[in-house]
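**Q** got a sequence here, can you build the structure:
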Amino acid sequence: MENFLNIFVRSIFVDNMIFAFFLGMCSYLAVSKNVKTSIGLGVAVTFVLLITLPVNYLLQVYVLNEGALSWLGEGFAKLDLSYLSFILFIAVIAAITQLVEMVVEKYTPALYASLGIFLPLIAVNCAIMGCALFMQQRIGLPATDPKALTSIADVLAYALGSGFGWILAIVGLAAIREKMEYNAVPATLKGLGITFIVVGLMAMAFLCFSGLKIN
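**A** Have a look, this model is predicted:
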């Protein structure tokens, strides 16, 4: 449980997908105009992460790694399919995103309409693919490393924390942008100009968490 919480907290604050790695910036900037829509997209991204990361972990450990298919016979003991990881990860993400899109369209059409093109674009959201690739790197780390992912529980903690971190970032920016609608912003900075400045300041604020030592 302690390792689960460590991975969860680290992925929210220290390894935040937006402020530490700047992944998923396109939908982050485009959809963060109001809090309600931002929450909807954030929940959708978190759900996709919670499904795709464990599936991709199982694929990596039991199918793609060298020797993972040794249970099929001696001829497969040295087979390494890790070069297929990119295409398989993308296929899993695209399939789950399509499922999320159909569910949102059926049960919350208003949210579906407000998200527009950005809901299907979750399939190519680099934050989700980035999580899968970081997960792939962390599988091979020593168990003593606090970043190591050694089980499905660790992967779920990483997925949930990364999703929460993304929600925190986009809802925070949306709340600030809603507030700025009532402020006197210079004409030359209105729109994305002031948004970029705010995002930069938020990223600098999150740098304070990078010094945390989580064991």
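
**Q** from now on I want contacts and neighbour counts done on CA atoms only, so please keep to that.
**A** Fine.

**Q** please export the C-alpha coordinates of the helix or strand bottoming out on mean pLDDT in the chain as CSV.
**A** Least confident helix or strand, the chain: helix 109-115 with a mean of 80, by mean pLDDT, DSSP states H and E. The C-alpha coordinates for helix 109-115 follow below in CSV (Å, rounded to 0.1, in the frame of the first residue of the first chain):
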residue,chain,number,x,y,z
PRO,A,109,-24.7,14.3,-25.2
ALA,A,110,-24.2,17.8,-23.9
LEU,A,111,-20.7,17.0,-22.7
TYR,A,112,-20.1,15.2,-26.0
ALA,A,113,-21.1,18.4,-27.9
SER,A,114,-19.0,20.7,-25.8
LEU,A,115,-15.9,18.5,-26.2
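
**Q** what helix or strand does Met129 sit in?
**A** Met129 belongs to helix 126-139 when assigned by DSSP states H and E.

**Q** can you give the contact residues for that helix?
**A** Helix 126-139 is contacted from outside by 17-18, 23-24, 45, 48-49, 53, 56-57, 60, 89-90, 93, 122, 147-150, 155, 159, 162, using C-alpha atoms under 8 Å, 6 or more residues apart in numbering.

**Q** just the ones of these in helices?
**A** Secondary structure from DSSP state H places 45, 48-49, 53, 56-57, 89-90, 93, 155, 159, 162 of those in helices.

**Q** closest to Val9 out of those?
**A** Val9 has its nearest neighbour among the ones in helices among the contacts of helix 126-139 in Ser162, at 9.1 Å by C-alpha to C-alpha.

**Q** that closest one: what's it in contact with?
**A** 8, 11-12, 15-17, 46, 131.

**Q** what about 10 Å?
**A** 7-13, 15-18, 45-46, 49-50, 127-128, 131, 156, 168 (C-alpha atoms under 10 Å, 6 or more residues apart in numbering).

**Q** so how far is Ser85 from it?
**A** From Ser162 across to Ser85, the span is 20 Å (C-alpha to C-alpha, to the nearest Å).

**Q** and the closest residue to Ala174 other than its chain neighbours, what's its pLDDT?
**A** Nearest non-adjacent residue to Ala174, counting by C-alpha to C-alpha, 6 or more residues apart in numbering: Ser32, 4.5 Å away. Looking at Ser32, its pLDDT stands at 91.

**Q** do you know how far Ser32 is from Ala175?
**A** Distance of Ser32 to Ala175, given as C-alpha to C-alpha: 8 Å.

**Q** which one of the ones in helices among the contacts of helix 126-139 is nearest Lys190?
**A** Nearest to Lys190 among the ones in helices among the contacts of helix 126-139, with distances taken as C-alpha to C-alpha, is Val45, at 28.0 Å.

**Q** distance-wise, check the closest residue to the closest one other than its chain neighbours relative to Leu88.
**A** Of all residues not flanking Val45 in the chain, Gly163 sits nearest, at 6.4 Å (C-alpha to C-alpha, 6+ apart). The gap separating Gly163 from Leu88 is 21 Å, by C-alpha to C-alpha.
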